[in-house]
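A.B. asks: Next one to model:
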Amino acid sequence: MEISLKKENEKMILDLIRSRRLPHTVIIEGDSKDERDNAAMLLMCGAICSSDDKPCLSCRACKKVLEGIHPDVFIPKPSKKLKSGIISLNELRDDYLSQASIKPNEADIKIYLFTDADRLLREDSQNTLLKIIEEPPQNLLFIFTAEKAKALLPTVRSRAHLITLSRIFPMKRARRSPPQSPTASSISMNTTCC
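C.D. replies: Here you go, the predicted model:
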């Protein structure tokens with residue numbers, strides 16, 4: 001997988017990584033789903049990278065993250081039992097959160113990425129996550145992506161570092177207007193005398 005981000009969004013993520021102060025919970029909101037997912041992928045690589053210049057995107061750890069096979073990265077998917085596109089509370093608890101307190105296998109950190117968390121997680125699931133987010137085990141990072149962070153519970157948002165991705169719209173070409181004569185509001189006069 002290749003990571004492709006708009007420059008200002010990439011800079012925000014890289015600045016956070018290079019600050020060497022990763023928060024334990026991050027919400028990435030805004031822009032398109034692809035942009036949010038790529039930002040999350042870059043953040044995960046930066047958190048797990050074994051290189052001094054993080055994220056290198058070429059070390060074994062980064063490659064495993066990019067290929068979706070790193071044993072310390074968990075990306076919960078919607079429940080197959082539920083047709084609503086959400087993760088069931090039981091699956092969240094049993095399949096994912098039960099492993100949160102176990103030390104990472106290969107990396108120094110364990111990561112949980114909840115893509116489209118505003119759609120994936122019901123209120124009861126967010127409340128269950130809140131218990132861990134409030135007092136996270138050491139070396140644990142939660143990343144939530146959402147179109148709008150406001151769709152997540154205020155208690156979850158208050159404990160997370162929020163990254164709002166920029167939307168860059170193509171510039172519209174302005175129609176050429178005929179030259180206008182100066183008006184009183186557009187004339188600047190120097191009233192000081194020599």
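A.B. asks: Isn't residue 99 up against residue 74?
C.D. replies: Yes. Contact criterion C-beta atoms under 8 Å: residue 99 and residue 74 qualify, at 7.4 Å. Backbone N, C-alpha and C define where each C-beta goes, glycine included.
A.B. asks: Need the residues touching each of the two.
C.D. replies: residue 110 (C-beta atoms under 8 Å, 6 or more residues apart in numbering).
A.B. asks: okay, those two: which has more neighbours?
C.D. replies: With neighbours defined as other C-beta atoms under 10 Å, residue 99 and residue 74 compare such that residue 74 has more, 17 against 12.
A.B. asks: Report the beta-bridge partners for that one.
C.D. replies: Beta-bridge pairing for residue 74 (DSSP bridges): residue 112.
A.B. asks: residue contacts, residue 89?
C.D. replies: 122, 124-125, 128.
A.B. asks: Give me the buried subset of those residues.
C.D. replies: Buried by 16 or more other C-beta atoms under 10 Å: 122, 125, 128, out of the contacts of residue 89.
A.B. asks: Among those, name the ones in helices.
C.D. replies: By the criterion of DSSP state H, membership of the buried ones among the contacts of residue 89 in helices covers 125, 128.
A.B. asks: what's the closest of the buried ones among the contacts of residue 89 to residue 103?
C.D. replies: For the buried ones among the contacts of residue 89, the residue nearest residue 103 by C-beta to C-beta is residue 128; the value is 21.6 Å.
A.B. asks: Output the below-cut-off pLDDT ranges for this protein.
C.D. replies: 81-85, 168-194 (pLDDT under 70).
A.B. asks: any idea which residue sits dead centre in it?
C.D. replies: residue 28 (2.9 Å; C-alpha atoms, centre = their mean).
A.B. asks: so that one sits in a helix?
C.D. replies: No. Counting by DSSP: H, G, I helix; E, B strand; the rest coil, residue 28 is not found in a helix; it is strand.
A.B. asks: tell me the contacts of it?
C.D. replies: When contacts are counted by C-beta under 8 Å, 6+ apart, residue 28 touches 36, 39-40, 43, 143-146, 163, 165.
A.B. asks: Then residue 163?
C.D. replies: Residue 163 touches 12-13, 16, 26-29, 39, counting by C-beta under 8 Å, 6+ apart.
A.B. asks: ok, 7 Å please
C.D. replies: 12, 26-28 (C-beta atoms under 7 Å, 6 or more residues apart in numbering).
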